[in-house]
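Trainee: Sequence first, then the predicted structure:
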Amino acid sequence: MNAPRSYLFVPGDRPERFEKALATAADAIVVDLEDAVAPPAKEAARAAVATLLAAGRHADRIVVRINDEAAPWFDADLALLRDGHARTVMLAKAERAETIARVCAACPGIAVLPLVESARGVLAADALAAADGVQRLVFGTIDYALDMDLQGPLATTIGLDAAASRLALASRAAGRLAPVAGVTVAIADDAALRADMERALAHGFGAKLCIHPKQIAPLHAVLAPTPDELAWAQRVLAAAEAAGGAAVQLDGRMVDRPVIERARRIVQRVR
């Protein structure tokens, strides 16, 4: 199964939107029990998510974002995951590997997506990425910017660079999937979404959070190889195969192991 490229949020207390979200081209949907749900609606949201999980449909595409460990709803959220046999959880405000261990102990076999949203979370990135049960890290850029008091026109670009690099390095060192970039709040601005994802790709990210179905198609377009990239990759792989392991040149350049691996990764981006 290919790693998800897009994670579409849907509020946990809006069950009428669940099927609509699942009908989109999003690779995964994130049913949110945290920020999207007001405290008085938490219990009803858990009941709605329990019904969704019990249906057993699209189980591989459903991610449940739960409240953080310090929240009064954390234990009830864990019970929902356990009883509903959820396969993937997004852990809000992840800062400690011990919290991940607690989630995995309560829900054996579950895949964890630690959502890094604070300075403490970024500094703990190595431990979070290396923790058992972790599938990939997620960068919660809005809350991180708030925690760091990032201001000015460069807050959402240069202001995020150091943390983004830290998460990508931790992910790679731990052998995890490339991390997930944060949301683009301008729903109808495809150019902004493209710019955000291209910057994330430059750091080593491989997916993105979405807050509206309109963002999915342009996001997937950014992540897909261009026709020229794909043609080059196919030529490299064909030349390498024809050489049978011997050194080979293509367009006057040596085709060695890193070049071949780069070509393979480009081909793998085709969906």
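Mentor: In hand now; what should we look at?
Trainee: Report the central residue of this structure.
Mentor: V180 (3.1 Å; CA atoms, centre = their mean).
Trainee: Pull up the pairing partners for the host helix or strand of V31, direction included.
Mentor: Counting by DSSP states H and E, the element that carries V31 is strand 28-32. Its sheet considered, strand 28-32 pairs with strand 6-11 (parallel), strand 62-66 (parallel) by DSSP bridges.
Trainee: ok, and what's touching that strand?
Mentor: 4, 6-12, 18, 21-22, 49, 52, 58, 61-65, 88, 90, 209 (CB atoms under 8 Å, 6 or more residues apart in numbering). The C-beta positions use only the backbone N, C-alpha and C, and glycine is treated the same way.
Trainee: avg pLDDT for stretch 259-268?
Mentor: Across stretch 259-268, the average pLDDT comes to 93.
Trainee: Could you check it and say which residues are buried?
Mentor: V259, I260, A263, I266 (16 or more other CB atoms under 10 Å).
Trainee: likewise stretch 86-105?
Mentor: For stretch 86-105, by 16+ other CB under 10 Å, it's 86-97, 99-100, 102-104.
Trainee: what about the helices in the stretch 151-271 of the chain?
Mentor: Applying DSSP state H, counting those that start in this stretch to the stretch 151-271 of the chain gives helices spanning 158-173, 190-203, 216-223, 227-243, 257-268.
Trainee: Distance from the chain centre to stretch 236-249, please.
Mentor: With CA atoms, centre = their mean, to the nearest Å as the basis, stretch 236-249 stands 35 Å off its chain's centre.
Trainee: Extract the CA atoms of it and return them as CSV.
Mentor: C-alpha atoms of stretch 236-249 as CSV (Å, rounded to 0.1, in the frame of the first residue of the first chain):
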residue,chain,number,x,y,z
VAL,A,236,17.6,6.1,-16.5
LEU,A,237,16.0,2.8,-15.3
ALA,A,238,16.0,1.4,-18.8
ALA,A,239,19.7,2.3,-19.3
ALA,A,240,20.6,0.8,-15.9
GLU,A,241,18.8,-2.4,-16.7
ALA,A,242,20.4,-2.7,-20.1
ALA,A,243,23.8,-2.2,-18.6
GLY,A,244,23.3,-5.1,-16.3
GLY,A,245,25.0,-3.5,-13.3
ALA,A,246,27.9,-2.0,-15.3
ALA,A,247,28.7,1.7,-15.4
VAL,A,248,26.7,3.5,-18.0
GLN,A,249,26.3,7.1,-19.3
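Trainee: where in the stretch 1-150 of the chain is pLDDT low?
Mentor: 1 (pLDDT under 70).
Trainee: all helices of it, in order?
Mentor: 18-22, 42-55, 74-84, 97-106, 119-123, 125-130, 141-148.
Trainee: any idea which of these is most buried?
Mentor: Counting by mean count of other CB atoms under 10 Å, helix 125-130 has the highest mean neighbour count of these, with a mean of 21.
Trainee: what does it rub up against?
Mentor: With CB under 8 Å, 6+ apart, helix 125-130 has contacts from 94-97, 100, 114, 116, 121, 134, 137, 166-167, 169-171, 173-174, 176.
Trainee: ditto for stretch 11-22
Mentor: 8, 10, 29, 31-33, 36-38, 41, 44-46, 48-49, 51-52, 57-58, 61, 64, 213.
Trainee: Between the two ends of that stretch, how far is it?
Mentor: Start to finish, the residues bounding stretch 11-22 are 13 Å apart (CA to CA, to the nearest Å).
Trainee: And stretch 152-161, by the same measure?
Mentor: 15 Å.
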